[in-house]
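Colleague: Generate a structure from the sequence data that follows.
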Amino acid sequence: MATSAEQMWNTYAQAHDLTDKTFQTRWFGDQENPEEIRDLTTKILAKDKISTSRPLAYYASEGEQIPQPGDYYVLLDAEMHPVGIIETVVSELIPFLRVSAEHAYNEAEGERTLADWQARSLTKFTEQMKKFDRNFSTNDPILCEVIKLAYKE
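Modeller: Below you'll find the model as predicted:
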């Protein structure tokens, strides 16, 4: 097992001739909820969860870069240890009410239906944005991202 995210990335990048690429670390779920991170990480490593979404305003509020196709991330588990490498395949802005049933299904959470995704996401995004003293509206743009598992330990 790789001892660090950097070591995992360097080994992967050399093996795949990606010397011109860089990486960031990333986990899925609320860091205060390790069980959620474990669940989502397991789904990503099983190639079941292949999409994710966040309000566009989240990225500006957190000062995070918007994922772009071709970006690589070392995936961290609930203990913040590297367990794999993912690549962003698609990154597109879509109004909340226009997110597709396919995207909702591929997030691999809840009932995997659009109605369930909308209900859960409305609650989650509203709470996320409250942390930044912002309101969330169903007219707001959502960054819908498709990811690919490129490597796992």
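
Colleague: Paired strands for the helix or strand hosting Thr88, with orientation please.
Modeller: Taking DSSP states H and E as the definition, Thr88 sits inside strand 82-95. Strand 82-95 pairs in its sheet with strand 72-76 (antiparallel), strand 141-152 (antiparallel), by DSSP bridges.

Colleague: buried sites along that strand?
Modeller: Pro82, Val83, Gly84, Ile85, Ile86, Glu87, Thr88, Val89, Ser91 (16 or more other Cβ atoms under 10 Å). Using the backbone N, CA and C atoms, a C-beta is placed for each residue, glycine as well.

Colleague: Same list (these) but as CSV, adding pLDDT and distance to Lys43.
Modeller: Formatted as CSV, the buried residues of strand 82-95 follow (pLDDT from 0 to 100; distance: Cβ to Cβ, whole Å):
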residue, pLDDT, distance to Lys43
Pro82, 97, 17
Val83, 97, 12
Gly84, 97, 12
Ile85, 98, 16
Ile86, 98, 12
Glu87, 98, 17
Thr88, 98, 17
Val89, 98, 16
Ser91, 97, 20
